[in-house]
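S.K.: Sharing a model that was predicted from the sequence below.
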Amino acid sequence: MPKPDQYTLKRLSRLEEQIGYEFKDKNLAVISLTHSSYGDGRRSKSDNERLEFLGDRVLGLLTAELLYDVIQGNEGQMARKLNAMVRKEACARVARLINLGEVLMMSPSEIKQGGRDKTSILGDACEALLAALYIDGGYGVAKTFYEKFWVHEIDSATSVNTKDPKTILQEQAAAKGHGVPTYEVVERSGPDHRPLFVVCVNVDGFGSAQGTGKSKKDAERFAARHLLEDGSSS
């Protein structure tokens, strides 16, 4: 693969700044950001599919090691939590967190079809990036990236109470004789392909709180979680 041009290196530099790591092998990093559609699918172009294969295994090892250290459950319980943390949706959430979609190299037609925010493409690219970090910097670098950007996935999966916060809020409100939680979208911003919602939840006699998310459902969950946290600290 030819050396990356200055435009490509500039895009890579933005990502390096975002994740806090500078690649020694720039070619390897660029390959991790290259979707199979780039160059109109010509096979002479290296893409990130092989790295994705390795990244999936690195992610599985990092997650299994973490769960072994922090979860006291049996193999079946750990396996269910592992599956939740390594699924494509979890990888895509991490990719969005580091704005990975903005620096991916793909065909104009794929971009027009919303490729920069497709869950499958983002999830694959995030695994490829993890593999590139593993090859370039070793296990420690990959682990640092994982612990930094998978923190929400880790917290959700290793939480003692794995119920959805909306369910917990409804159960607690009913147990205390309060009203049924109501949710209202109070703000929507961002472009159509990447909206951001702010939702307010209100429970008569219990209180209200707001949550922000990339979907109404996520915003509702965060709002419920915040109200539960406010209630537990009051």
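M.R.: Looks like it arrived, so ask away. Residues are numbered from 1 along each chain as shown.

S.K.: Just the element for the residue located most distally from the centre of the chain, please.
M.R.: Largest separation from the mean C-alpha position in the chain: residue 177, at 36.8 Å (C-alpha atoms, centre = their mean). Following DSSP states H and E, there is no helix or strand that holds residue 177.

S.K.: and what of the one 3 residues further on?
M.R.: Here residue 180 is covered by no helix or strand, with elements defined by DSSP H and E.

S.K.: What number of neighbouring residues does it come out with?
M.R.: For residue 180, the count of nearby residues is 11 (other C-beta atoms under 10 Å). (C-beta placed from N, C-alpha, C; glycine too.)

S.K.: With residue 57 instead?
M.R.: 14.

S.K.: Next: the one 4 residues further on.
M.R.: With neighbours defined by other C-beta under 10 Å, the count for residue 61 comes to 14.

S.K.: how much space between it and residue 86?
M.R.: Counting by C-beta to C-beta, to the nearest Å, the gap from residue 61 to residue 86 is 10 Å.

S.K.: Any figure for the gap between the residue farthest from the centre of the chain and residue 206?
M.R.: 10 Å.

S.K.: Buried by neighbour count: which residues of the helix or strand containing residue 69 qualify?
M.R.: Residue 69 belongs to helix 49-70 when assigned by DSSP H and E. For helix 49-70, a neighbour-count test (16 or more other C-beta atoms under 10 Å) marks 51, 52, 54, 55, 56, 58, 59, 62, 63, 64, 66, 67 as buried.

S.K.: Now flag whichever of those residues is closest to residue 117.
M.R.: Using C-beta to C-beta, residue 52 is the member of the buried residues of helix 49-70 that lies nearest residue 117, at 17.8 Å.

S.K.: wait, doesn't the closest one sit right on residue 130?
M.R.: No. With contact defined as C-beta atoms under 8 Å, residue 52 does not reach residue 130; the gap is 9.2 Å.

S.K.: residues in contact with the lowest-mean-pLDDT helix or strand in the chain?
M.R.: Scoring the helices and strands of the chain by mean pLDDT, DSSP states H and E places helix 151-158 at the bottom, with a mean of 76. Contact partners of helix 151-158, identified using C-beta atoms under 8 Å, 6 or more residues apart in numbering, comprise 66, 67, 70, 71, 81, 84, 85, 90, 93, 94, 147.
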